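In: Predicted model and sequence below, questions to follow.
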Amino acid sequence: MKTTLDIHDELLERAKRHAQSTGRPLRAVVEEGLHTVLQPRPPQRYTMPDCRVGEPGAEFLLDRYSWPELRDLIYGEAAPR
C-alpha cells in the first residue's frame, strides 16, 4: 500500500544512510521500525534491589515490633525497647 508521510529531514537522512549501509530499501527500514514500535510487549515486572544490611542469618531487629509500635517509633511517640 502506498502512503505519504511527513518525516523530519534529519531523521529521513539517517534512515536513508542506514538503509544504504545495510543494503536494504528505505521501505524495509521504515517497516522494521513500525514493527518494532507496534509489537505488543509483556509488562515489565519491577524487582526490588536487595538492600539488606547486617550479617546473613542475623536477627532482623524490626521483627520485634508490631506495625503500631513501629509507627510510634518512626514518629517519635514511643521509646525504643
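Out: Here it is on my side, so go on. Numbers count the residues shown, from 1 in each chain.
In: and the gap between residue 59 and residue 70?
Out: Residue 59 sits 16 Å away from residue 70, going by C-beta to C-beta, to the nearest Å. Just so you know, the C-beta spots here come from the backbone N, C-alpha and C atoms, and that holds for glycine as well.
In: Looking at these two, which has the bigger crowd around it?
Out: Shown here are residue 59 and residue 70; by other C-beta atoms under 10 Å, residue 70 has more neighbours (13 against 9).
In: Below-threshold pLDDT in the protein: ranges please.
Out: Applying pLDDT under 70 to the chain flags the ranges 78-81.
In: the helices in it, which residues?
Out: Listed in chain order, the helices of the chain (DSSP state H) span 9-22, 26-38, 67-74.
In: and the last one, what other elements does it pack with?
Out: If I follow you right, that is helix 67-74. Counting contacts by 3 or more C-beta pairs under 8 Å, 6 or more residues apart in numbering; DSSP states H and E, helix 67-74 packs against no other helix or strand.
In: Going forward, count from 860.
Out: Right, with 860 as the first residue, what we last looked at is helix 926-933.
In: next one: that helix to chain centre, how far?
Out: Distance, stretch centre to chain centre, for helix 926-933: 33 Å (C-alpha atoms, centre = their mean, to the nearest Å).
In: Next, count neighbours for residue 928.
Out: 15.
In: Take the helices of the chain and lay them out in CSV including distance to residue 860.
Out: What follows is the helices of the chain, written out as CSV (distance: least, C-beta to C-beta, whole Å):
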stretch, distance to residue 860
helix 868-881, 19
helix 885-897, 11
helix 926-933, 61
